[in-house]
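Engineer: What would the 3D arrangement of this be:
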Amino acid sequence: MADLIHTYLLQILHLDLKTGIWTWRVQPNGHVPAGSIAGTPKPRGNLEIKIDGKLYQASRLAWFYVHGRWPKREVDHKNLDPSDNRPSNLRTATDSQQGANRHRLANKNLNTPKGVSFHKASGKFTARIKVNQKHINLGLFPTMAEAHAAYIAAAKKYFGKFARWE
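Structural biologist: Now for the predicted structure:
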């Protein structure tokens, strides 16, 4: 990404800092006029913008646009909306921090809260959390609520402001 120069980005694209919407300052090709909204939505909702034949994630471009340097880590959307590229909604994050900022619906078993599963052999609920690509078992609990409380405490401990448990 080092080939895209900040001043060039500012010349060809505009990012509305209040809405996070990108628009072309110039006509990028024969089909898209200047002033058009830039970006193509991907299946997961994030946007990509093609500049001189190369695809860029709109969130990473927003970071570069505002800060004048590429993010060293991933760019996380605080509100979980991958199409919301307002700078106030973006922050850099590790893979673990991004994982912590996932909604419970990302959980394969929607009958239990995030971080909790039923342990058939014991008849109890187990809580576990993933930190830096490693699973940490938090224990077995007689109730789902107790297991979830253990997950919440661990999420706060390991992920702070990135922690999400609903």
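Engineer: Okay, Lys42 and Leu55: tell me how far apart.
Structural biologist: Distance, Lys42 to Leu55, using CB to CB, to the nearest Å: 10 Å. The C-beta positions use only the backbone N, C-alpha and C, and glycine is treated the same way.
Engineer: So what are the structural domains in this structure, by residue number?
Structural biologist: As assigned by automatic domain parsing, the chain contains the domains 6-73, 96-162.
Engineer: From the opening residue of the first one to its closing one, how far?
Structural biologist: Start-to-end span of domain 6-73 (CA to CA, to the nearest Å) is 18 Å.
Engineer: I'd like to know which of the domains of the chain lies nearest to Pro82.
Structural biologist: Pro82 lies closest to domain 6-73 among the domains of the chain, at 3.9 Å (CB to CB).
Engineer: follow-up on the earlier one: more crowded one of Lys42 and Leu55?
Structural biologist: Counted by other CB atoms under 10 Å, Lys42 and Leu55 do not tie: Lys42 has more neighbours, with 14 against 10.
Engineer: Isn't the more buried one up against Ile49?
Structural biologist: No: counting by CB atoms under 8 Å, Lys42 does not reach Ile49; the two are 11.2 Å apart.
Engineer: Only the C-alpha atoms, please, for stretch 62-70, written as CSV.
Structural biologist: Extracted in CSV, the C-alpha atoms of stretch 62-70 (Å, rounded to 0.1, in the frame of the first residue of the first chain):
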residue,chain,number,x,y,z
ALA,A,62,-10.2,6.4,5.9
TRP,A,63,-7.5,5.9,8.4
PHE,A,64,-4.8,6.9,5.9
TYR,A,65,-6.9,9.9,4.7
VAL,A,66,-7.3,11.2,8.3
HIS,A,67,-3.9,10.3,9.8
GLY,A,68,-1.7,10.5,6.8
ARG,A,69,-0.2,7.1,7.5
TRP,A,70,-1.4,3.5,7.0
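Engineer: Do I have it right that Glu146 meets Val116?
Structural biologist: No: in this structure, Glu146 is not within contact of Val116 by CB under 8 Å, at 9.4 Å.
Engineer: and these two? which has more neighbours close in?
Structural biologist: Neighbours were tallied for Glu146 and for Val116 using other CB under 10 Å; the higher tally belongs to Val116 (26 against 16).
Engineer: Many thanks, we can stop here.
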